[in-house]
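**Student:** structure for this input, please:
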Amino acid sequence: MPEGRGALELYFLRHGIAVERGTPGYENDADRPLTAEGESRTRDIARGIRATKASFGRILSSPYLRARQTAEIVAAETGIKIEFTRSLTPEGSPERLIQEIASEADRGVLLVGHEPYLTDLISVLIAGNPGTLIELKKGGLGKVTAESLSYGKCATLNWLLAPKLLRNIR
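**Tutor:** Next comes the predicted model:
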């Protein structure tokens, strides 16, 4: 399906580099923050996202700290408000997320979350099941478009951008 007027544009951003799982002091996975390097790279990625002229008017993010910090950095760069949803947590419901965004009036949403949740959702939307092998590195950005959004094969994968590429777009 070609991109067109009226198509819903979904952007998928994996959170930046975070403190490793199991690091003392961060036993609760939801509390793991971005590292200093993760924050710095995410600022560069946010500038790259702005430079791509990605068309979204809403940011939905996992409330987990590393995703929240990533979304806040993008929001500061783009001026777009963030909303947090448990549907984007690693144990969240992709079906509920689709219900939350299926009738977007502004037709563009940036989703900030985790792996393998994001690539499983991209796979469901483009192939109908979560089995498609897609690599979305920390700080990577993907885009799909759909005329009508449902939990199943309904969208086209437009592109995936590696974080290194995003950091260098001006």
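
**Student:** for the helix or strand of the chain with the lowest mean pLDDT, buried residues please.
**Tutor:** The weakest-scoring helix or strand in the chain, judged by mean pLDDT, DSSP states H and E, is helix 94-101 (a mean of 93). Of all the residues in helix 94-101, those buried under the rule 16 or more other C-beta atoms under 10 Å are Pro94, Leu97, Ile98, Glu100, Ile101. Where you see a C-beta, it was placed from the backbone N, CA and C, and this is true even at glycine.

**Student:** rebuild those residues as TSV, extending it with distance to Gly79.
**Tutor:** Shown next, in TSV, are the buried residues of helix 94-101 (distance: C-beta to C-beta, whole Å):
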residue	distance to Gly79
Pro94	28
Leu97	24
Ile98	26
Glu100	22
Ile101	20
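
**Student:** which among these gets closest to Leu8?
**Tutor:** Minimum distance to Leu8 across those is 7.8 Å, recorded for Ile101 (C-beta to C-beta).

**Student:** residue contacts, the closest one?
**Tutor:** Remark: with contacts taken as C-beta atoms under 8 Å, 6 or more residues apart in numbering, Ile101 is in contact with Leu8, Leu10, Leu60, Val109, Leu149.

**Student:** and with 10 Å instead?
**Tutor:** For Ile101, the contact set (C-beta atoms under 10 Å, 6 or more residues apart in numbering) comprises Leu8, Leu10, Arg58, Leu60, Thr85, Ser87, Val109, Leu111, Leu149.

**Student:** which outside residues touch the helix ranked longest in the chain?
**Tutor:** Among the elements of the chain assigned as helix by DSSP state H, the one spanning the most residues is helix 36-52. Under the contact criterion C-beta under 10 Å, 6+ apart, helix 36-52 has outside partners 11, 13, 15-19, 33-35, 54, 56, 66, 69-79, 110, 138-141, 143, 159, 161, 163-170.

**Student:** check these for burial and list the buried ones.
**Tutor:** Neighbour counting with 16+ other C-beta under 10 Å marks 11, 13, 15-19, 33-35, 54, 56, 66, 69-75, 77-78, 110, 138-141, 143, 161, 163, 166-167 as buried within the contacts of helix 36-52.

**Student:** so which of those are in helices?
**Tutor:** Where the buried ones among the contacts of helix 36-52 overlap with helices, as defined by DSSP H, the overlap consists of 66, 69-75, 77-78, 163, 166-167.
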